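> Need coordinates for the following:
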Amino acid sequence: MTQSPPTRKTQESAATSGVSSRPNSKNLGLASSILSSTETFAQSIAGIAPSASPAITVAIVFGMAGGGAWLAYATATGIMILTAVTISVFASRQSSAGSLYSYAKDAGGPLAGFTTGWAMLLAYILGVAGGSVQFAIFADAFLQSIGVMGVSSLLLVAINLVGTTAIAYKNVKLSAELMLWMEILSIGIILFLVWQSLAHHTFQIDVRQLHLTGATPQGFGMGLVMALLAFVGFESATSLGTEAEKPLEKIPQTLIRSVILCGVFFVVSTYAIVQGCSDLHINLATCTTPLAALSNKLNMHWLAVLTSLGAAASLFAATLAANTAAARIMLTMSHEGYLNARLKTVHPHNHTPTTAVLVVSSLALIVIIFLFGVQSKPLDVVGWLGTMATYSFILAYSMISALMPVYLKKRGELKGHHIPLATLAATTMTAALFATVYPLPPAPYCWLPLLCLAYFACGLIHFVTRKSDNDF
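Numbers count the residues shown, from 1 in each chain. Predicted structure coming up:
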């Protein structure tokens, strides 16, 4: 269980001496201080999966916000920076493998912690499932581009799950390094396409986008919500509180930098893709593969192949990041009596939460098989999984933001600017959550909020039952 951290002076002394300023918390069998700041940063970047936005989400945002798509991403960046700052308040004062679960528990007590942890587990498990299905979509597109047809989506899902599970099981350092290089590959490919598109237009300003052509207040609001969803997962680096070097210093920096850098990437790539598709007569609002379509229109067919490969690599990394984070939250909650004791198992040599890693992947596979039995179209499955995960992410972000002043007051560190900061962050997240459920979307999306409520009702029953048997 995470204990109260030492004073700020002690933290600074530990940070400057190179000693991990971890506040007397148990490492739960995980390796200590083995991940560099770059490897920790890779976890957050992979959690966001930045390549997925220009590969898929940009078409949805454009369909809603029109020429204001770039502004929707810019506004979403500002909102997510607020959220990153509030989470970094916790991350700069305590570290553990429990991530937002531990933060909420220390600030608001067992129920707040359990609710946040329960939400994050659903978000990450569905993230593993959704990332695997998206991997299958782009891996299939890549295989088709090189002449390999008819590969089963479930087979590609299985390849992704087996690969990511094996790496998460084996070595967290290998996992971080692999995620880093996969994201560099995928982002590099997209930036090259962005450059080629801008150069094709001789870097002229797209006046239509500056005038927000086609944007309406309602459409912009809906596009903003979708743009916000592109950032979820950035907080996954907080689950490396035991394994990261100088976590109280490096993790807060990672949270804010990952949001800013991905935000800039989203705005620039969205602007270039919208301009390129508009001028080359590609209907972006209905295009399922905008990167490949734009590459082909630019007569760079080889780049269309690489964009699919890069997107698949990014989603492999995203699946790995979600499994890594979920397993460490499971491990922490198990040690504190909220989950089955078998989830405490850590490999004696790899120092990874092996049982939790296997459980996360198994649950994700069960969800995928069930949904594929209901709906054969992978894109629809991705939509369902992404929506459910989003509800959970936003709930957790809202709770953490609201609890930040409470946490600082307990420590005697609350200052005047903290309350408006937390209020603004919590309010924007809550508004985004409300916008996803009102007006009520058509079926089957109208049923997803009810499924989430049922999940949290089951969690509350579990919490009360376990609490009666354990002294918290």
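
> Geometric centre of this protein: which residue is closest?
residue 233 (1.7 Å; Cα atoms, centre = their mean).

> For residue 217, grab the count of nearby residues.
8 (other Cβ atoms under 10 Å). Just so you know, the C-beta spots here come from the backbone N, C-alpha and C atoms, and that holds for glycine as well.

> now it: how far from residue 341?
Distance of residue 217 to residue 341, computed by Cβ to Cβ, to the nearest Å: 52 Å.

> any idea what sits nearest the residue nearest to the centre of the chain, other than its immediate chain neighbours?
Nearest residue to residue 233, sequence neighbours excluded (Cβ to Cβ, 6 or more residues apart in numbering): residue 47, at 3.2 Å.

> Which helix or which strand is home to the one you found?
If you go by DSSP states H and E, residue 47 is part of helix 37-48.

> ok, and what's touching the helix or strand following that helix?
Per DSSP H and E, the first helix or strand lying C-terminal to helix 37-48 is helix 52. Identification of contacts with helix 52 by Cβ atoms under 8 Å, 6 or more residues apart in numbering yields 134, 230, 311, 314, 315, 318.

> go again using 10 Å as the cut-off
Here helix 52 makes contact (Cβ atoms under 10 Å, 6 or more residues apart in numbering) with 58, 130-131, 134, 138, 186, 230, 311, 314-315, 318, 382, 386.

> tell me the contacts of the residue lying closest to residue 223 once chain neighbours are set aside?
Using Cβ to Cβ, 6+ apart and skipping the chain neighbours, the partner closest in space to residue 223 is residue 65 (3.0 Å). By Cβ under 10 Å, 6+ apart, the contact set of residue 65 is 71-73, 75, 212, 214-216, 218-224, 226-227, 270, 274.

> Keep only those of these that are in helices.
Judged by DSSP state H, helices contain the following of the contacts of residue 65: 71-73, 75, 218-224, 226-227, 270, 274.

> Please list only the buried members of those.
71-73, 75, 219-220, 222-224, 226-227, 270, 274 (16 or more other Cβ atoms under 10 Å).

> Test my guess that residue 261 contacts residue 80.
No: judged on Cβ atoms under 10 Å, residue 261 makes no contact with residue 80 at a distance of 11.7 Å.

> who has more neighbours, those two?
Set side by side, residue 261 and residue 80 give different neighbour counts by other Cβ under 10 Å, the larger being at residue 80 (28 against 17).

> how near is the more buried one to residue 73?
The spacing between residue 80 and residue 73, counted by Cβ to Cβ, is 10 Å.

> any shared contact partners between these two?
227, 228, 230, 231, 262, 263.

> Which residue comes closest to the fifth one once chain neighbours are left out?
It stands for residue 262. Nearest to residue 262 is residue 50, by Cβ to Cβ, 6+ apart, at 4.7 Å.

> got a list of what that neighbour touches?
Per Cβ under 10 Å, 6+ apart, neighbours of residue 50: 183, 186-187, 190, 230-231, 234, 258, 261-263, 265-266, 269, 314, 318.

> ok, so of those residues, who is nearest residue 336?
Nearest to residue 336, judged by Cβ to Cβ, of the contacts of residue 50 is residue 234 at 24.9 Å.

> right, and that closest one touches residue 255 too?
Yes: when contacts are counted by Cβ under 10 Å, residue 234 is listed as touching residue 255 (6.4 Å).

> Give me the common contacts of the two.
Joint contacts of residue 234 and residue 255 (Cβ under 10 Å, 6+ apart) are 44, 80, 83, 84, 87.

> What is the nearest of those to residue 285?
residue 80 (24.3 Å).

> Phi first, then psi, for the closest one.
phi -70, psi -30 (degrees, to the nearest 10).

> ok, it - contacts?
Applying Cβ under 10 Å, 6+ apart, one finds that residue 80 lies in contact with 48, 227-228, 230-232, 234, 255-256, 258-260, 262-263, 397, 425, 428-429.

> for this structure, what helix or strand is lowest in average pLDDT?
In the chain, the helix or strand scored least confidently by mean pLDDT, DSSP states H and E is helix 8-17, which has a mean of 39.

> Spatially nearest residue to residue 389, not counting backbone neighbours?
Per Cβ to Cβ, 6+ apart, closest to residue 389 is residue 126, 4.0 Å.

> pretty sure the one you found contacts residue 366?
No: in this structure, residue 126 is not within contact of residue 366 by Cβ under 10 Å, at 11.7 Å.

> Give me the distance between the nearest residue to residue 53 once chain neighbours are set aside and residue 125.
The shortest distance from residue 53 to any non-neighbouring residue, by Cβ to Cβ, 6+ apart, is to residue 230 (4.3 Å). Shown here: residue 230 relative to residue 125, a distance of 20 Å by Cβ to Cβ.

> what do you get for residue 306?
When residue 306 is compared with residue 125 (using Cβ to Cβ), they lie 31 Å apart.

> and the two? which has more neighbours close in?
Ranked by neighbour count (other Cβ under 10 Å), residue 306 and residue 125 place residue 125 first, with 26 against 22.

> which helices and strands does the host helix or strand of residue 323 pack with?
Element membership for residue 323, per DSSP H and E: helix 301-335. Secondary-structure packing of helix 301-335 (3 or more Cβ pairs under 10 Å, 6 or more residues apart in numbering; DSSP states H and E): helix 37-48, helix 52, helix 99-108, helix 110-145, helix 153-170, helix 172-200, helix 290-297, helix 354-374.

> let's see it at 6 Å
Helices and strands touching helix 301-335, by 3 or more Cβ pairs under 6 Å, 6 or more residues apart in numbering; DSSP states H and E, are helix 37-48, helix 110-145, helix 153-170, helix 172-200, helix 290-297, helix 354-374.

> Which positions in the third one come out as buried?
The neighbour-count criterion (16+ other Cβ under 10 Å) identifies 153-154, 156-157, 159-161, 163-165, 167-170 as the buried residues of helix 153-170.

> One more: the second one?
In terms of neighbour count (16+ other Cβ under 10 Å), helix 110-145 has its buried residues at 110, 112-143, 145.

> what's the answer for the fifth one, then?
When burial is assessed from 16+ other Cβ under 10 Å, helix 290-297 yields the following buried residues: 290, 291, 292, 293, 294, 295, 297.

> dump the residue contacts of the residue nearest to the second one when sequence neighbours are not counted.
The shortest distance from residue 291 to any non-neighbouring residue, by Cβ to Cβ, 6+ apart, is to residue 307 (3.9 Å). With contacts defined as Cβ atoms under 6 Å, 6 or more residues apart in numbering, the neighbours of residue 307 are 189, 291, 292, 295.

> try it again with 8 Å
Applying Cβ under 8 Å, 6+ apart to residue 307 gives the contacts 55, 189, 190, 193, 291, 292, 295.

> again, but for residue 38
Taking Cβ under 8 Å, 6+ apart, we find residue 38 in contact with residue 180.

> So which residue of this structure lies furthest out from the middle?
The chain, Cα atoms, centre = their mean, max distance from centroid: residue 202 (34.8 Å).

> I'd assumed that one was in a helix, is it?
No: looking at residue 202 with DSSP: H, G, I helix; E, B strand; the rest coil, it is coil, so not inside a helix.

> Can you give me the pLDDT of it?
You'll see residue 202 listed with a pLDDT of 90.

> go on, residue 435?
pLDDT at residue 435 comes out at 81.

> same thing with the one 3 residues further on?
Per-residue confidence (pLDDT) for residue 438: 80.

> Next, it: phi, psi?
Dihedral angles phi and psi of residue 438 (degrees, to the nearest 10) take the values phi -140, psi 130.
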